[in-house]
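K.L.:
here is my input; please provide its structure:
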Amino acid sequence: MSEATTDVDFERLERIVEADDETFKEELGAATEGLDDPAAIDELLVEHPDAYEALSVRIATVEDPEDLADEDPAALERAMAVLYGGMARLSEVSEDVREAVTDDYAVNWEVEGYDLGWHLETDAESGRIDGGPGLLDDPTLTFIGSLDVMLSMTGDPDFNGPLAFIQNEFEIVGPIQQARDLDSMMAAVRDNARDMA
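P.N.:
Now for the predicted structure:
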């Protein structure tokens, strides 16, 4: 990755991912402004990799994320664009990340009660990852649930998917075994991405 210079206030981002939940929700929009640009994602991954990882965990674990969805849905969508844009960029530059992509997936996370959702596509042959806000028209796998559960699935290190599924916290449309395989593959991708930081 080449070093980039952008107008994004990375210090503010680093500050809000460490702040209390209310501050995080109030300032996420301003702190992520312009961050979904590819040059900004490059700079985030190269110069501020801890902030990228912290953002992925904070967005997945913030209390009452419905406040954010109600007040600033664009900030929530931008955060998801950053997270998936970062994974896509890592899959371009890291052989280890590409090798962790072991199957082809077309996956939606659909949020009940909101016009919100995000998607992921992988290509095992190239090792490519792509995704972000919005839903695919013809996914092979869809997770449907409340906003807090759907966000937890994207980056909460303590989220137990099998237990949450057994407790009916979300619905799976598609093969359950594929959902298990996806979870294992994405854990490997996250581990390799952390090794790059």
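K.L.:
backbone torsions only: list them for Ile59.
P.N.:
phi -70, psi -30 (degrees, to the nearest 10).
K.L.:
just the pLDDT for Gly155.
P.N.:
With respect to pLDDT, Gly155 scores 86.
K.L.:
now swap in the one 3 residues further on and tell me
P.N.:
Per-residue confidence for Asp158 comes out at a pLDDT of 91.
K.L.:
helix, strand or coil for it?
P.N.:
coil (DSSP: H, G, I helix; E, B strand; the rest coil).
K.L.:
which phi and psi does it have?
P.N.:
phi -100, psi 0.
K.L.:
can you report how many residues neighbour it?
P.N.:
8 (other Cβ atoms under 10 Å). C-beta coordinates here come from the backbone N, C-alpha and C atoms, glycine included.
K.L.:
separation between the nearest residue to Gly174 once chain neighbours are set aside and Leu135?
P.N.:
Nearest non-adjacent residue to Gly174, counting by Cβ to Cβ, 6 or more residues apart in numbering: Leu141, 3.8 Å away. Distance of Leu141 to Leu135, given as Cβ to Cβ, to the nearest Å: 12 Å.
K.L.:
related to what we said a few turns ago, and the pLDDT for the residue nearest to Gly174?
P.N.:
97.
K.L.:
return the list of helices and strands in contact with the helix or strand bottoming out on mean pLDDT in the chain.
P.N.:
None of the helices or strands of the chain scores lower by mean pLDDT, DSSP states H and E than helix 176-196, at a mean of 80. Counting contacts by 3 or more Cβ pairs under 8 Å, 6 or more residues apart in numbering; DSSP states H and E, helix 176-196 packs against helix 49-61, helix 73-93, helix 95-100, strand 105-111, strand 141-145, helix 161-166.
K.L.:
packing partners for the fifth one?
P.N.:
By that I understand strand 141-145. By 3+ Cβ pairs under 8 Å, 6+ apart, strand 141-145 packs against strand 105-111, strand 170-173, helix 176-196.
K.L.:
between the ones you listed, which gets nearest to Arg15?
P.N.:
helix 176-196 (21.6 Å; Cβ to Cβ).
K.L.:
report the contact partners of Glu92.
P.N.:
The neighbourhood of Glu92, defined by Cβ atoms under 8 Å, 6 or more residues apart in numbering, consists of Arg128.
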